[in-house]
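**Q** Output the structure for:
(2 chains)
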Protein chains: 2
Amino acid sequence: MNPIIQSLFDRKSVRVFQDKPVSQENVNLIIDAGIQAPSAGNQQLYTILHIQDQGIKDSLSVLCDNQPFIAKAPVVLVFLADCRRWLDCYRYAGTEARRPGPGDLILAIQDALIAAQNTVTAAESLGLGSCYIGDIMENREKLTALLSLDPLVFPATLVVYGYPSDSQVKRPKPPRPRRDFIVQTDRYSPLSEEALRTLHGELNPQPGYDFDGAITAFCLRKYASDFARELNRSAGEYLKEFI
Amino acid sequence: MNPIIQSLFDRKSVRVFQDKPVSQENVNLIIDAGIQAPSAGNQQLYTILHIQDQGIKDSLSVLCDNQPFIAKAPVVLVFLADCRRWLDCYRYAGTEARRPGPGDLILAIQDALIAAQNTVTAAESLGLGSCYIGDIMENREKLTALLSLDPLVFPATLVVYGYPSDSQVKRPKPPRPRRDFIVQTDRYSPLSEEALRTLHGELNPQPGYDFDGAITAFCLRKYASDFARELNRSAGEYLKEFI
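**A** Residues are numbered from 1 along each chain as shown, chains lettered A, B, ... in the order given. Below is the predicted model of the structure:
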């Protein structure tokens, strides 16, 4: 395994950071690696907000499902799917252009995530941990006010970066499913109950693992949670501009 | 610049491949690097279709805005945002769970793209070129039939991989905008007309560059095209399942 692939395997989420700043040079390098990412039609359908104001970091940590480590992260970047910048270009060029639709929004979200993952890989190579915060899609009304978002701009993701604490360095990476459960040939088919039970059994090899109990608890904690309900409500509100 | 960041800077899209197969070992390595990617709640909200059937590759090349190079690519992976797998787990565990909403779908799309970008970075490190095909979101009805998609599964992206032809190796990477045009501090604000004209002037330094003409032509070729209209129609159809 070459060092680049090794680094992709090694990278795990980091939520506790050393109290050590990240140099501007490294922040720039991380961001530039993001901007070098593949992009639909080389359009860079995103804008990156570098959050430096501590008050905004504090608010983000509340609005993103109350996760205080966001406020303590040395580097906080919000990746906005930006369907406004090119529309403005068309207008300034004297061209009348339609409003963006759901496909345009999804392309822009994809551009934003591809760029974000490059920043995460670049950060890892510099010894910097990172963590994605999908909760940035929640609380549309308050977030829009906090970050002065445009109706044609969608907060695709938030990523925090910093030097990992010792305990985070030692924390084992949660195991991933085997390829057989994720990859299919040619056509999609839902995994069987047996396959799904095997998948989760493999990820949880401790004796006495109880699929029904563990999956039910996970569902209550994540999928059936208040924050998941808010995520869907808020995302639906953003989408209305594009439908 | 370390070799990992250098590789992120060097990577460019490749659309013409040598007639040289990619070993199964390398395909597995690329896919495993994808599965090691960050994922919301470590849920891997995606399924990867490895398209091996030449007839399906041929159909994909037509359905994805008639791009014949897709049919000739040695490796073709479709990244599906999969909102079905966990729902099935909940059901098998005996838990009644709500239908997925738009936030769930977008989280799954993000998971799929983050994994896809890891495969692209891994491929680059193995000397393999790659290209994203956003057009996989088009033609919902035909694609759903071709790949037996479930209503709760969304084709987030298609990526093709292979050894680049000599001409592709020599092709210069299209320049990216400077960081100043992509990064903002704390709050969003639309770029001014002057900034947008400067941005495009910098990307097109040839004498006589005509912003109005070039941007209008780009709009007609891309944003106002039939395939963009189809992309939005089709994406809207997929979204109906989640709204």
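
**Q** Just the pLDDT at the residue lying closest to residue A:201 once chain neighbours are set aside, thanks.
**A** Leaving aside its sequence neighbours, residue A:201 sits nearest to residue A:209 (C-beta to C-beta, 6 or more residues apart in numbering or on different chains; 6.3 Å). Glycine gets a C-beta too; all of them are placed from N, C-alpha and C. We have a pLDDT of 97 for residue A:209.

**Q** Whichever helix or strand residue A:77 is part of pairs with which strands?
**A** Residue A:77 belongs to strand A:75-82 when assigned by DSSP states H and E. Using DSSP bridges, the strands paired with strand A:75-82 in its sheet are strand A:46-50 (antiparallel), strand A:153-162 (antiparallel).

**Q** hmm, who's touching that strand?
**A** Residues from elsewhere that reach strand A:75-82 (C-beta atoms under 8 Å, 6 or more residues apart in numbering or on different chains): A:22, A:27, A:30-31, A:45-51, A:57, A:60, A:70, A:105, A:108-109, A:111-113, A:115-116, A:119, A:128, A:136, A:147, A:149, A:152-162, B:188.

**Q** CA atoms only: put the helix or strand containing residue A:109 into CSV for me.
**A** Element membership for residue A:109, per DSSP H and E: helix A:102-125. The C-alpha coordinates for helix A:102-125 follow below in CSV (Å, rounded to 0.1, in the frame of the first residue of the first chain):
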residue,chain,number,x,y,z
PRO,A,102,-32.6,20.7,-7.9
GLY,A,103,-30.0,19.1,-10.2
ASP,A,104,-28.0,22.3,-10.1
LEU,A,105,-28.1,22.3,-6.3
ILE,A,106,-27.0,18.7,-6.1
LEU,A,107,-24.1,19.2,-8.5
ALA,A,108,-23.0,22.2,-6.3
ILE,A,109,-23.3,20.1,-3.1
GLN,A,110,-21.2,17.4,-4.8
ASP,A,111,-18.6,20.0,-5.9
ALA,A,112,-18.5,21.3,-2.3
LEU,A,113,-18.0,17.8,-0.8
ILE,A,114,-15.3,16.8,-3.3
ALA,A,115,-13.4,19.9,-2.4
ALA,A,116,-14.0,19.3,1.3
GLN,A,117,-12.6,15.8,1.1
ASN,A,118,-9.5,17.1,-0.5
THR,A,119,-9.0,19.5,2.4
VAL,A,120,-9.4,16.6,4.8
THR,A,121,-6.8,14.5,3.0
ALA,A,122,-4.5,17.5,2.8
ALA,A,123,-5.0,18.2,6.6
GLU,A,124,-4.2,14.6,7.4
SER,A,125,-0.9,14.8,5.5
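
**Q** That helix and chain B in contact?
**A** Yes. Helix A:102-125 reaches chain B (C-beta under 8 Å from any C-beta of the partner chain) through A:102-104, A:106-107, A:109-110, A:113-114, A:116-118, A:120-122, A:124-125.

**Q** Just the mean pLDDT for that helix, thanks.
**A** Taken as a whole, helix A:102-125 carries a mean pLDDT of 98.

**Q** so what does the helix or strand following that helix touch, helix or strand wise?
**A** Of the helices and strands lying after helix A:102-125 in sequence (DSSP H and E), the nearest is strand A:129-133. Contacts defined by 3 or more C-beta pairs under 8 Å, 6 or more residues apart in numbering or on different chains; DSSP states H and E place strand A:129-133 against helix A:102-125, strand A:153-162.

**Q** what about 7 Å?
**A** strand A:153-162 (3 or more C-beta pairs under 7 Å, 6 or more residues apart in numbering or on different chains; DSSP states H and E).

**Q** what angle sits between the strand it packs on and strand A:129-133?
**A** 150 degrees (axes from the mean of the first three to the mean of the last three C-alpha atoms, to 10 degrees).

**Q** need the next SSE after strand A:153-162, C-terminal direction.
**A** helix A:166-170.

**Q** what sits up against that following helix?
**A** With contacts defined as C-beta atoms under 7 Å, 6 or more residues apart in numbering or on different chains, helix A:166-170 is touched by A:14, A:16, A:129.

**Q** Neighbours of the last one, how many?
**A** The local packing count at residue A:129 equals 24, with neighbours defined by other C-beta atoms under 10 Å in any protein chain shown.

**Q** and residue A:92, how many neighbours does it have?
**A** 18.

**Q** before we move on, what about residue A:145?
**A** 11.

**Q** again, but for residue A:89
**A** Neighbour number of residue A:89 under other C-beta under 10 Å is 26.

**Q** now the one 4 residues further on
**A** Burial of residue A:93 is recorded as 22 neighbouring residues (other C-beta under 10 Å).

**Q** hang on, it packs against residue B:217?
**A** No. Residue A:93 is beyond contact range of residue B:217, at 9.3 Å (criterion: C-beta atoms under 7 Å).

**Q** hey, C-alpha coordinates of stretch A:72-90 in CSV?
**A** Only the C-alpha atoms of stretch A:72-90 are listed here, as CSV (Å, rounded to 0.1, in the frame of the first residue of the first chain):
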residue,chain,number,x,y,z
LYS,A,72,-12.9,25.0,20.3
ALA,A,73,-11.6,23.9,16.8
PRO,A,74,-8.7,26.0,15.6
VAL,A,75,-9.9,26.0,12.0
VAL,A,76,-13.6,26.0,11.0
LEU,A,77,-14.6,25.9,7.4
VAL,A,78,-18.2,26.0,6.0
PHE,A,79,-18.5,24.6,2.5
LEU,A,80,-21.4,26.4,0.8
ALA,A,81,-23.0,24.9,-2.4
ASP,A,82,-23.1,28.2,-4.3
CYS,A,83,-25.7,28.4,-7.1
ARG,A,84,-25.5,32.2,-7.1
ARG,A,85,-21.9,33.0,-8.4
TRP,A,86,-22.4,31.7,-11.9
LEU,A,87,-25.9,33.1,-12.1
ASP,A,88,-24.4,36.5,-11.3
CYS,A,89,-21.8,36.0,-14.1
TYR,A,90,-24.6,35.2,-16.6
